[in-house]
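Trainee: this one's sequence-less:
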C-alpha cells in the first residue's frame, strides 16, 4: 500500500483500495494515455497545413573576418528601407532563397562586437592591429578625415563648430544628443562607453561627424585620472603607441581625435610629438580643446603635417557661467575671426540649450559647421 500513499494528496490519508485493476496497472494505463495523446499532438503539428503562417528562427552568433563593408550612407542620402528595421538593431536576417520569411523559417545571425564595429567603417581606410581595427590611409591616398567628414559648403558667413564631448558615457545625454541635435553638431565619443558600435552607427546615420576622445596625462595625475590607457608624458614611445592603438580600436568612422585632459603630456614635446605624428600618418585630424594654456599642439602638429585646431572655449558648468553666456562669447569670436570652436559636455540640459541656440544663429549672420570644415579651412 505504500504506492497508494505516494499518489494521495498531502494531508489526506489513503483510502481503501478499489476493486478491479490493481494500482500499478491503473497508473500504467494513465501513463499510456499520456503517451498516446503526445503522439497525436506531435503528428498534428508535423502534418499541419503548410500554408499556415509561422516562423521558425534559428539564432546563432556570427563571427566575421570579412571587413569588406560599405560605409554608412549620409543621413540625407537615398536609402532603401530595410524590412522590419532589422539593420537598425544590428541584426542580419538571412531568409531562405533570399525571399521573405515564411513557414520554413529563417536564420538570425547576431554579429559579434568587431563585426558591429565594422558597420561604421570603410575597409579602404582600416587595418587590423593587435587591439582591433584601426584607421589608416588607403592605397589611393584616401584618408579617414576626408572619407568620414560631413559634407559642408561654406557660404561666407562666420562658422561655429559645436563639439559635444563625452558622448557614449551617460545614457540619457547620449540618447538626447543622437535624437535632438542638428546634424552639423560634431559628436566626440569617449572610448569607455557601452554599446559604442551601435551608437556610432546611429550617429553617422543621423549625419553627425565623429571624433574620438583620447585620455592624456594632466599635471596632477593620478589625482585627476582620465581613465584606462591614459597617454603618459613619461611613458616609453612604444607603450604610448600601443595605448593609442587600443583607444583607436574602440570605435570607427571618426575623422580624428580630441584630447581629454592632457596638460602635462601636451606640454611635453617629445612624447606628444610622437603621438601627433602617428595621428597624421593614419590620415586623421586633431582637436585640442583649448583647456591647456601650455599646450604645444600648434607647432608640433604643423611639424607633423597633422591638420589640427585649438578650441576657443571649453564650457564648464562649475565655473558658474551659463551656457547661453558662453555661446554669446563664441559668437563674438566667430564674427571677429571668421570661425570658432566650442566643446560642451553631453548632458541633457546642455543638449537642450544647444538645440534652442542653434535655431537662432542664422538670424544673427552665423552658421553651424562640422569641426572638420573649420580645421581644413585654417590649415
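Mentor: Structure's in. What do you need? Keep in mind that what you see is a predicted model, and the values were worked out from it rather than measured.
Trainee: where does pLDDT dip in the stretch 1-150 of the chain?
Mentor: For the stretch 1-150 of the chain, applying pLDDT under 70 flags the ranges 1-119.
Trainee: try 50 this time
Mentor: Filtered on pLDDT under 50, the stretch 1-150 of the chain yields the residue ranges 1-19, 30, 40-91, 93-97, 103, 110.
Trainee: ok, residue 372 touching residue 150?
Mentor: Yes - here residue 372 lies in contact with residue 150, judged by Cβ atoms under 8 Å, at a distance of 7.0 Å. Any C-beta I mention is one placed from the backbone N, CA and C, and that applies to glycine too.
Trainee: overlap in contacts of the two?
Mentor: Shared contacts of residue 372 and residue 150 (Cβ atoms under 8 Å, 6 or more residues apart in numbering): residue 209.
Trainee: among the two, which residue is more densely surrounded?
Mentor: More crowded of residue 372 and residue 150, by other Cβ atoms under 10 Å: residue 372, with 24 against 21.
Trainee: give me the element that one is part of.
Mentor: Using DSSP states H and E, residue 372 sits within helix 371-377.
Trainee: what of residue 342?
Mentor: Using DSSP H and E, residue 342 falls in strand 339-345.
Trainee: for that strand, name the packing helices and strands.
Mentor: Here strand 339-345 touches strand 159-167, strand 313-314, helix 323-337, helix 371-377, going by 3 or more Cβ pairs under 8 Å, 6 or more residues apart in numbering; DSSP states H and E.
Trainee: just checking, what packs against the last one?
Mentor: For helix 371-377, the contact count by 3+ Cβ pairs under 8 Å, 6+ apart identifies strand 159-167, strand 285-288, strand 308-310, strand 339-345 as packing neighbours.
Trainee: make JSON lines out of those and add mean neighbour count, distance to residue 231 and mean pLDDT.
Mentor: Output for the helices and strands packed on helix 371-377, formatted as JSON lines (neighbours: other Cβ atoms under 10 Å; distance: least, Cβ to Cβ, whole Å; pLDDT from 0 to 100):
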{"stretch": "strand 159-167", "mean neighbour count": "25", "distance to residue 231": "17", "mean pLDDT": "98"}
{"stretch": "strand 285-288", "mean neighbour count": "26", "distance to residue 231": "13", "mean pLDDT": "98"}
{"stretch": "strand 308-310", "mean neighbour count": "22", "distance to residue 231": "16", "mean pLDDT": "98"}
{"stretch": "strand 339-345", "mean neighbour count": "25", "distance to residue 231": "18", "mean pLDDT": "98"}
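Trainee: returning to what we had before: which among the helices and strands packed on strand 339-345 is found nearest to residue 131?
Mentor: Among the helices and strands packed on strand 339-345, strand 159-167 comes nearest to residue 131, with 21.1 Å by Cβ to Cβ.
Trainee: if we ignore the residues flanking it in sequence, what's nearest residue 288?
Mentor: Spatial nearest neighbour of residue 288, chain neighbours left out: residue 297 (4.1 Å); criterion: Cβ to Cβ, 6 or more residues apart in numbering.
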